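In: I'd like to go over a predicted model; first the sequence, then the structure.
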Amino acid sequence: MTPERRLLQQPWIWLGGLLACLIFLPNLVWEIRLGFPTIELLRHVQQSGRNVELSSLGFILQQALIMHPLALPLWMAGLWYYFRDTQGRRYCVLGWTFLIVLLCFLMLNGRVYYLAPAYPMLFAAGAVEFQQFAERPSRQWLKPAYVAALLVTGAIAAPFGYFPILPVEKYVAYAGALHFQPPRIETHKMGPLPQLYADQFGWREMAEAVAGVYNKLSQEEKQRCAIFGQNYGQAGAIDFFGAELGLPKALSGHQSYYYWGPRGYTGECMIVMDDRPERLSQLFDHYEKAATVYHPNSMPYQHFDVYLCRGLHWPLEKIWPQLKVWN
C-alpha cells in the first residue's frame, strides 16, 4: 500500500520477523498446547458483557474525548499530512498504520485506550501541518491562541487522565464540581473513583484480612489450609503481599491460575474469598465468615467476605476442572 514495500526486498525485515517469532515461540507453543486460551478468553469476555460495548462511531468519539477534544484538529491534521501533503505523503506508511490498527480495534471491540500509543506520530505530523498553515501573517495569531487553549483546557482535564495527579479527596471533590468522569471501560458498579484509579486501592488490605484469618490457625492446620481467590486479582494480591505476611501461594480457577492447579491441597481446610454462603454450604461440611475486605476507595467488587471452610465434600484435585473460570 506504500512505497515502503521496497523494504520487503531486503533481508533485514525478514530477519527481524524471524527474531520476533523466536521470541514469541514459547508463548505460541503454550497457546497451541492448551488450545489457544487467549482466544477462548476473548470470546468469553465478549459474551459476558463485562466490557462497555461501543459502536464504531462511539469508539471514534471516545478517541476524541480521551485524547482531549481540542487536540482533535491536530491529530486529524496529522492524517491529512500523511495522505495529502506533498512532503508528508513520503511517510504515508504511518498514516496507514494508524488506520489499520484503528480498524482492527473496531472489528475486535477493543477498549478505547488501546489505541492511545498510536497518536504521537499523528500529533507530530499535525504539528508540522499546523505550522505550515499558520505561517501566513494573517494567521500568526493562531499559534499562541491554539497553544494557550490546549494548555489551559489540558490543565483542567489533566486530573481525569489515566495517571492520577490529585489525592483521592481532592479528585472526588474536583470531579463532583465539574460533574465529569472518564469513560467507563467495564460494566461494573462504580465507587467514588474511576476504575483505573480505584483499582490501585485495597489489595494490601485484602491480603492483610486473609492473613488475619490464616494466622489464627494452628501450625498443623496452616500446612493443610489453601487460600482460594475467585479471580486473578484476589489471588495476585495474596501472592504479591503474602510472602511478608506469612501466606502460602494462592489458588484460583481464574484464567492462567487454573493451570497451576490445586498445588497439592486436598480441600480439607480452605480460606475462600468472595463466595456465596449457599454455594459454600453445598461444598463444605462447615464454613464460617472470618473477615471482611473493604476499602473506601476501591472498586465495589473488591468489597467481600472471607470464609474459613473445612471438609470439602470431594477431593480438590477431582473437582478442579469445575472451578475453571475463563472471562
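Out: On my side now, so go ahead.
In: what's in contact with stretch 7-18?
Out: The set of residues external to stretch 7-18 that reach it, using C-beta atoms under 8 Å, 6 or more residues apart in numbering, is empty. (C-beta placed from N, C-alpha, C; glycine too.)
In: what's the mean pLDDT across it?
Out: The average pLDDT for stretch 7-18 rounds to 94.
In: extract the C-alpha set from that stretch and format it as CSV.
Out: Only the C-alpha atoms of stretch 7-18 are listed here, as CSV (Å, rounded to 0.1, in the frame of the first residue of the first chain):
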residue,chain,number,x,y,z
LEU,A,7,11.8,-2.9,2.4
LEU,A,8,10.4,-6.4,1.8
GLN,A,9,13.1,-7.0,-0.8
GLN,A,10,15.8,-6.6,1.9
PRO,A,11,16.8,-9.3,4.3
TRP,A,12,16.7,-7.2,7.5
ILE,A,13,12.9,-7.1,7.8
TRP,A,14,12.7,-10.8,7.4
LEU,A,15,15.5,-11.4,9.9
GLY,A,16,13.7,-9.1,12.3
GLY,A,17,10.5,-11.0,11.8
LEU,A,18,12.3,-14.3,12.4
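In: show me the residue at the heart of this structure, geometrically.
Out: residue 196 (7.9 Å; C-alpha atoms, centre = their mean).
In: how far off centre is stretch 35-47?
Out: 16 Å (C-alpha atoms, centre = their mean, to the nearest Å).
In: ditto for stretch 3-10
Out: 36 Å.
In: then stretch 203-219?
Out: Between the mean C-alpha location of stretch 203-219 and the chain-wide mean there is a distance of 27 Å, by C-alpha atoms, centre = their mean.
In: same question for stretch 69-89.
Out: 30 Å.
In: what residues sit buried inside that stretch?
Out: Within stretch 69-89, the residues that count as buried by 16 or more other C-beta atoms under 10 Å are 71, 74, 75, 77, 78, 79, 80, 81, 82, 85, 88.
In: all strands of the chain, in order?
Out: Along the chain, the segments classed as strands by DSSP state E run 225-228, 269-273, 284-293, 304-312.
In: helices or strands up against the first one?
Out: The reference is to strand 225-228. helix 203-214, strand 269-273 (3 or more C-beta pairs under 8 Å, 6 or more residues apart in numbering; DSSP states H and E).
In: remind me what the shortest one packs against, helices and strands.
Out: It stands for strand 269-273. Contacts defined by 3+ C-beta pairs under 8 Å, 6+ apart place strand 269-273 against helix 203-214, strand 225-228, strand 284-293, strand 304-312.
In: ok, now how distant is residue 200 from residue 51?
Out: 20 Å (C-beta to C-beta, to the nearest Å).
In: and those two? which has more neighbours close in?
Out: residue 51 (15 against 12; other C-beta atoms under 10 Å).
In: that one pairs with what?
Out: Using DSSP bridges, the bridge partners assigned to residue 51 are residue 186.
In: which residues touch it?
Out: Neighbours of residue 51 in contact, by C-beta under 8 Å, 6+ apart: 45, 109, 111, 185, 186, 187.
In: wait, the fifth one touches residue 49, no?
Out: To tie it back to what came earlier, the one meant is residue 186. No - using C-beta atoms under 8 Å as the test, residue 186 is too far from residue 49 to be in contact (9.7 Å).
In: neighbours of residue 104, how many?
Out: 12.
In: what does the one 3 residues further on give?
Out: Residue 107 has 9 neighbours, counted by other C-beta under 10 Å.
In: what's the distance between it and residue 27?
Out: For residue 107, the distance to residue 27 (C-beta to C-beta) stands at 23 Å.
In: so which of the helices and strands packed on strand 269-273 is the most surrounded?
Out: Among these, ranked by average contacts under mean count of other C-beta atoms under 10 Å, first place goes to strand 225-228 (a mean of 23).
In: ok, residues contacting that one?
Out: 210, 214, 217, 238, 242, 247-248, 250-252, 262-263, 265, 267, 269-273, 316.
In: which parts of stretch 24-43 are buried?
Out: Going by neighbour count (16+ other C-beta under 10 Å), the buried part of stretch 24-43 is residue 37.
In: what is the rounded mean pLDDT of it?
Out: On average, stretch 24-43 scores 93.
In: from start to finish, how long is it in a straight line?
Out: Stretch 24-43 has its terminal residues 22 Å apart, counting by C-alpha to C-alpha, to the nearest Å.
In: now what about that stretch, what contacts it?
Out: 108, 255, 256, 259, 326, 327.
In: just the buried ones from those residues?
Out: For these, a burial check counting by 16+ other C-beta under 10 Å picks out 255, 326, 327.
In: wait, the first one sits on residue 323?
Out: No - under the contact definition of C-beta under 8 Å, residue 255 does not touch residue 323, with a separation of 11.9 Å.
In: export the buried residues of stretch 69-89 as a markdown table, with columns for distance to residue 296.
Out: Listed next are these as a markdown table, based on distance: C-beta to C-beta, whole Å:
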| residue | distance to residue 296 |
| --- | --- |
| 71 | 34 |
| 74 | 39 |
| 75 | 38 |
| 77 | 44 |
| 78 | 42 |
| 79 | 44 |
| 80 | 48 |
| 81 | 48 |
| 82 | 47 |
| 85 | 52 |
| 88 | 51 |
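In: I am finished for the moment; much appreciated.
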